[in-house]
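1. everything below, folded, please.
(one chain, ligands or ions: 1)
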Amino acid sequence: MFVKVCGLRTAPDVAASVDAGADAIGFVLTPSPRQVTPAEARELAEAVPTDVLTVGVFRGEPVDVVRAAVAASGVRAIQLHGDEPATHYTALRELGLPLIRGTSPGGAAGLRPGALGEDLLIVDSPQPGSGAAWDWDTLDRAALAGRWLLAGGLRPDNVGAAIDALRPWGVDVSSGVEVRRGVKDPALIRVFLEAVRTRVGQN
Ligand SMILES: O=C(O)c1ccccc1N[C@@H]1O[C@H](COP(=O)(O)O)[C@@H](O)[C@H]1O
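-> Model prediction:
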């Protein structure tokens, strides 16, 4: 199971995520309590081994802003989390990086993975990064196949049940490994990864 830890802002949090076995780590490069500058993301990413994907997260930014931030930060994947139009995906495809689409049930392009040409879909709550739990039962599980990550309100104590219920290809967490908004806890990051690995090992 693919695990992404998002909204990292400090070197100890990046190290904890990598050491705990995260497959991807996200840097929020768009307005948010977790926002880092492209230069900060570049510095943090220097400690990340190449087999861990570094993801730049954007919400509703113009293509030129995304392009400039990707170049300045050196992230190796782009997450568009604001129901951006297909033209964004077409334009950014030229960068040759994996494209990730973050959306929620009711989002403009629907929940079919790859609908806009993205390489990976994130199915999140309607309030990205809020930590708000949402009703997974509203998901049409039959329509979801292939590469998709479940996000939104996941925590160490509920991620196992979420995996059992929805069988996602991976999971994505931010608020659930924080002590307060924007402040991660390395111990919670470790416990979250352990909870995922334990559950996957049981299945
Ligand atoms: O985390 C943010 O602040 C954020 C800002 C803009 C777009 C997406 C954002 N986060 C994404 O939300 C989920 C995590 O949600 P949760 O905090 O665990 O409930 C994840 O996909 C982040 O990339």
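2. rest of the way, CA atoms for contacts and neighbours
-> Fine.
3. which residues of the protein fall in helices?
-> Counting by DSSP state H, the chain has helices at residues 11-20, 38-45, 63-73, 86-93, 159-166, 186-202.
4. dump these to a markdown table, plus distance to Leu120, mean pLDDT and mean neighbour count.
-> Listed next are the helices of the chain as a markdown table, based on distance: least, CA to CA, whole Å; pLDDT from 0 to 100; neighbours: other CA atoms under 10 Å:
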| stretch | distance to Leu120 | mean pLDDT | mean neighbour count |
| --- | --- | --- | --- |
| helix 11-20 | 20 | 97 | 19 |
| helix 38-45 | 21 | 98 | 20 |
| helix 63-73 | 18 | 98 | 17 |
| helix 86-93 | 12 | 97 | 15 |
| helix 159-166 | 16 | 93 | 16 |
| helix 186-202 | 19 | 93 | 17 |
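5. export those helices to JSON lines and tack on distance to Gly153?
-> Below are the helices of the chain laid out as JSON lines (distance: least, CA to CA, whole Å):
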{"stretch": "helix 11-20", "distance to Gly153": "18"}
{"stretch": "helix 38-45", "distance to Gly153": "24"}
{"stretch": "helix 63-73", "distance to Gly153": "26"}
{"stretch": "helix 86-93", "distance to Gly153": "27"}
{"stretch": "helix 159-166", "distance to Gly153": "9"}
{"stretch": "helix 186-202", "distance to Gly153": "12"}
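6. quick check: Gly21 vs the ligand, distance?
-> Distance, Gly21 to the ligand, using CA to the nearest ligand atom, to the nearest Å: 18 Å.
7. for Phe2, see how far away the residue nearest in space to the middle of the chain is.
-> Nearest to the geometric centre of the chain sits Asp172, at 4.9 Å (CA atoms, centre = their mean). The gap separating Asp172 from Phe2 is 8 Å, by CA to CA, to the nearest Å.
8. shared neighbours of those two, anything?
-> Shared contacts of Asp172 and Phe2 (CA atoms under 8 Å, 6 or more residues apart in numbering): Leu149.
9. wait, doesn't Val179 sit right on Asp185?
-> Yes - using CA atoms under 8 Å, Val179 makes contact with Asp185 at a distance of 6.1 Å.
10. comparing these two, which residue is more hemmed in?
-> Set side by side, Val179 and Asp185 show more neighbours around Asp185, with 17 against 12, by other CA atoms under 10 Å.
11. pretty sure the more buried one sits against Ser175.
-> No - counting by CA under 8 Å, Asp185 stays clear of Ser175, with 10.1 Å between them.
12. got the residues of this protein near the ligand?
-> Proximity of the chain to the ligand, by CA under 6 Å from any ligand atom, involves residues 6-7, 32, 34, 58-59, 81, 128-132, 151-154, 172-176.
13. show me the contacts for the residue nearest to the centre of the chain.
-> By CA under 8 Å, 6+ apart, the contact list for Asp172 reads 3-6, 122, 149-152, 154.
14. give me the number of residues near the nearest residue to Glu118 once chain neighbours are set aside?
-> Closest residue to Glu118 apart from its sequence neighbours, by CA to CA, 6 or more residues apart in numbering: Leu99 at 5.0 Å. Neighbour count for Leu99, taken as other CA under 10 Å: 24.
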